[in-house]
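1. sharing a model prediction with you, sequence too.
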Amino acid sequence: AASRLAAPSAVATGAVFAAAAQYLLREARDDVVDAMCDELGVQRAALVPRALLPLVELLRDVRHRHRLDSALAWAQQHAEQLRAANSTLLLRLHIFRYLCLLQGVPEGGGDGAAAAAATAA
């Protein structure tokens, strides 16, 4: 007789969607998260911890809008914790800003911002 798998519980399903949403937000794919939320009939806040929301916005500013001021301010404010974690985030943000300046990319984007971001990574 074929065995049947039990249907996942709502809690397990919610945890999977929350983990997927957090991953997608780290990848700056908030459009996909919004579509997931629409499909599930839930608000983004139900899938993403409140503490992550400011970081998601900073990431969106850097990746999509190529605005570094808020990310640099956050990284400088948390410099000790970043240093303790051996993070190079602050350095990478400064490198990205420098590359944008060298390439003549205006603050807030432009075609050269993607190239500068690729070089900084």
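-> Arrived safely, thanks for sending.
2. for the lengthiest helix in the chain, what is the average pLDDT?
-> For the chain, the longest helix by residue count, based on DSSP state H, is helix 10-26. For helix 10-26, mean pLDDT is 78.
3. what's the spacing between it and its chain's center?
-> Put simply, helix 10-26 sits 14 Å off its chain's centre (Cα atoms, centre = their mean, to the nearest Å).
4. check contacts around Gln81.
-> Residues in contact with Gln81 (Cβ atoms under 8 Å, 6 or more residues apart in numbering): none are found. Yep, even glycine has a C-beta here, placed from its N, CA and C like the rest.
5. quick one: pLDDT of it?
-> 93.
6. picking up where we left off before, hmm, who's touching the helix or strand that the longest helix of the chain is followed by?
-> Using DSSP states H and E, the next helix or strand after helix 10-26 towards the C-terminus is helix 30-40. Outside helix 30-40, the residues that touch it by Cβ under 8 Å, 6+ apart are 17, 20-21, 24-25, 43-44, 46-48, 56, 60.
7. most neighbours, which of those residues?
-> Counting neighbours by other Cβ atoms under 10 Å, Ala21 comes out on top of these with 25 neighbours.
8. surely it meets Val48?
-> Yes - Ala21 is in contact with Val48 according to Cβ atoms under 8 Å; the separation is 5.8 Å.
9. what pLDDT does the closest residue in space to Ala18 that isn't next to it in sequence get?
-> Among residues not flanking Ala18 along the chain, Leu47 sits closest, at 4.6 Å (Cβ to Cβ, 6 or more residues apart in numbering). What the model reports for Leu47 is a pLDDT of 76.
10. go on, Leu91?
-> 92.
11. how many neighbours does it have?
-> Around Leu91 there are 12 other residues, counting by other Cβ under 10 Å.
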